[in-house]
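Visitor: Fold the following and give me the result.
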Amino acid sequence: QLQLVESGGGLVQPGGSLRLSCAASGFGLEDYVIGWFRQAPGKEREGISCISVRGFVTYYADSVKGRFTVSRDNARNTVYLQMNTLKPEDTALYFCAAGGTTVQAMCVSLTVDTWGQGTQVTVSS
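Guide: Got it, this is the predicted structure:
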């Protein structure tokens, strides 16, 4: 059974950076589209960035485009989300997820097979 564990969240000042990691166990990540999602209190979960199986296709929500970068290292069974120029509105619980679909379907329609447990990101001065 595929299991995903996120790490790298924390408290950061506006304008700062964080790198989130999503590590897999149980199965290799190389067969899965991987996505990053976030959910702020009182808001719906949204897909913010997804990456195809070999990393050639990526998707970014407009809210993070130009600031966040997704990447994957299938040999290390890990996917990363580099977050730069963080804003208070980026504060949320961040999840990674795996699926066998397209990056568009995963990020826009939240077509997901497996979720991680989440890591909190708080952007505040």
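Visitor: got any ranges where this protein has weak pLDDT?
Guide: Residue ranges of the chain with pLDDT under 70: none are present.
Visitor: Which elements pack onto whatever helix or strand E6 lives in?
Guide: For E6, the host element (DSSP states H and E) is strand 3-7. Helices and strands touching strand 3-7, by 3 or more C-beta pairs under 8 Å, 6 or more residues apart in numbering; DSSP states H and E, are strand 18-25, strand 92-99, strand 114-115. For glycine as for every other residue, the C-beta is placed from the backbone atoms N, C-alpha and C.
Visitor: Taking their axis directions, it and strand 18-25 sit at what angle?
Guide: Interaxial angle, strand 3-7 versus strand 18-25 (axes from the mean of the first three to the mean of the last three C-alpha atoms, to 10 degrees): 160 degrees.
Visitor: Strand 3-7 vs strand 92-99, what angle?
Guide: Using the same axes, to 10 degrees: strand 3-7 against strand 92-99 is 150 degrees.
Visitor: Please enumerate the strands of the protein.
Guide: Secondary structure of the chain (DSSP state E): strands located at 3-7, 10-12, 18-25, 33-39, 46-51, 58-60, 68-73, 78-83, 92-99, 114-115, 119-123.
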